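Enquirer: Need a 3D model of the following:
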Amino acid sequence: VKPQSLAATKRSAKGSSWYIVVRFAANLGILKTLTRVSCKFPVIFCSFNPKALTLGTTENSAGHRRRFRYRKGERHCIFSKRSLCRAGRKAPGQAGASCISLSNETLIVEADVADPESVVYLFKTLKEQFARLDVLFNNAGGGSPPRQFEEIPFEEWQRVINVNLTGTFLCTQAAFGMMKEQTPMGGRIINNGSISAHVPRPLSAPYTASKHGVTGLTRSTSLDGRPYNIVCSQIDIGNALTDLTARMAEGVPQPDGTSRPEPTMDVQHVADAIVQMTEFPLETNVQFMTIMATKMPFIGRG
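Expert: The predicted structure follows:
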């Protein structure tokens, strides 16, 4: 799908980021690459069929990729807070905010996972279009520059917590309500944790605290969802090769004060693991999964 062919559908959908995402989301039944280009706002990807839906959120800062396999017959939805808001249109979640239906399989909605009203609007739109939600993948995440503890600005702390932890809570809460009310009742929620949910990197207090919070939220969701057939998992990822982690080949700070290169792994393996987690019946749950570059300094870190 080229930009000019989409323009007739919705002229406000400007920018290569929209077209790249829609292009791959529209090709059903094949290996998809959801390409995220540089953007400081959260983006949410969904795929739907009567049995499975995957919802992911990410705060983009450097065009990294996730690859998922979608089966024939699935429906796809993309939620994004992007240049549409900055072009003078209404904020995500407000009446009249952009909602683009490209087909029965693809929907685009502007949203911000850190804004309660926006998340309500997002899931309301999702429910109206697709009726049910079976799998939620909370993938929103962002970090902050390495800083000495006493030099961390409050605004920076708050931004990381808002996206990583509050965003995960708000989307989980909205999904929980849908899964509890739908027939058949239940669903699966997968949270993107981190190796930092176990042990920190140097000078990363906001990110580390947010990911430890996600682990607590995962445990509470698992317990509170048990009576309603809602299961919750967490995948902790270490050194998947993306634009964000490419710097690891040049060297990253170590606990002993030195800087050393670290091994990475193909991000496709992460996508494969997430897909595998979604394919189990609800009577089976991968409570926690750690997937990492084999030789990265995790065991013994800190």
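Enquirer: what's the pLDDT at residue 23?
Expert: Here the pLDDT value assigned to residue 23 is 25.
Enquirer: Please apply the same query to residue 95.
Expert: Looking at residue 95, the pLDDT reads 40.
Enquirer: and what of residue 156?
Expert: 97.
Enquirer: ok, and the closest non-adjacent residue to it?
Expert: Residue nearest to residue 156 in three dimensions, not counting chain neighbours: residue 144, with 4.9 Å by CB to CB, 6 or more residues apart in numbering. Glycine gets a C-beta too; all of them are placed from N, C-alpha and C.
Enquirer: any idea how far that neighbour lies from residue 218?
Expert: As judged by CB to CB, to the nearest Å, residue 144 and residue 218 stand 22 Å apart.
Enquirer: re the thing from before, where does the residue nearest to residue 156 fall, secondary structure wise?
Expert: Using DSSP states H and E, residue 144 maps to neither a helix nor a strand.
Enquirer: how about stretch 156-170: buried residues?
Expert: 157, 159-170 (16 or more other CB atoms under 10 Å).
Enquirer: Give me the contacts around that stretch.
Expert: Residues outside stretch 156-170 that contact it (CB atoms under 8 Å, 6 or more residues apart in numbering): 42, 57, 59, 113-114, 116, 119, 138, 140-144, 147, 191, 205-207, 209-211, 213-214, 217.
Enquirer: List the neighbouring strands of the strand ranked longest in the chain plus their orientation.
Expert: Ranked by number of residues, the top strand in the chain under DSSP state E is strand 230-238. Here strand 230-238 has these sheet partners by DSSP bridges: strand 187-192 (parallel), strand 288-292 (parallel).
Enquirer: Need the CA coordinates for the last one. CSV is fine.
Expert: It refers to strand 288-292. The C-alpha coordinates for strand 288-292 follow below in CSV (Å, rounded to 0.1, in the frame of the first residue of the first chain):
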residue,chain,number,x,y,z
PHE,A,288,7.2,-15.5,33.7
MET,A,289,9.6,-15.9,30.8
THR,A,290,13.1,-14.5,30.5
ILE,A,291,14.5,-14.4,27.0
MET,A,292,17.9,-13.0,26.4
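Enquirer: who touches that strand?
Expert: Outside strand 288-292, the residues touching it (CB under 8 Å, 6+ apart) are 193, 195, 198, 218, 233-240, 265, 269-270, 273, 277, 298.
Enquirer: Now do the buried residues in that strand.
Expert: So, applying 16+ other CB under 10 Å, buried residues of strand 288-292: 288, 289, 291, 292.
Enquirer: Any stretches of the protein with poor pLDDT?
Expert: 1-107, 300-302 (pLDDT under 70).
Enquirer: Show me what the biggest helix by length in it is packed up against.
Expert: Longest helix in the chain by number of residues (criterion: DSSP state H): helix 205-225. For helix 205-225, the packing partners by 3 or more CB pairs under 8 Å, 6 or more residues apart in numbering; DSSP states H and E come out as helix 154-161, helix 167-181, strand 187-192, strand 230-238.
Enquirer: again, 6 Å this time
Expert: helix 154-161, strand 187-192, strand 230-238 (3 or more CB pairs under 6 Å, 6 or more residues apart in numbering; DSSP states H and E).
Enquirer: just the angle between it and helix 167-181, please?
Expert: Interaxial angle of helix 205-225 relative to helix 167-181 (axes from the mean of the first three to the mean of the last three CA atoms, to 10 degrees): 10 degrees.
Enquirer: Now do helix 205-225 and helix 154-161, the angle between them.
Expert: Using the same axes, to 10 degrees: helix 205-225 against helix 154-161 is 40 degrees.
Enquirer: got the buried residues for helix 205-225?
Expert: 205-215, 217-218, 221-222, 225.
Enquirer: List the contacts of it.
Expert: Residues from elsewhere that reach helix 205-225 (CB atoms under 6 Å, 6 or more residues apart in numbering): 143-144, 149, 157, 160-161, 164-165, 168, 172, 189, 191, 193-194, 196-197, 200, 232, 234.
Enquirer: Show me what the closest residue in space to residue 218 that isn't next to it in sequence is bridged to.
Expert: Excluding the flanking residues, the one nearest residue 218 by CB to CB, 6+ apart is residue 234, at 4.3 Å. When assigned by DSSP bridges, residue 234 has beta-bridge partners residue 191, residue 288.
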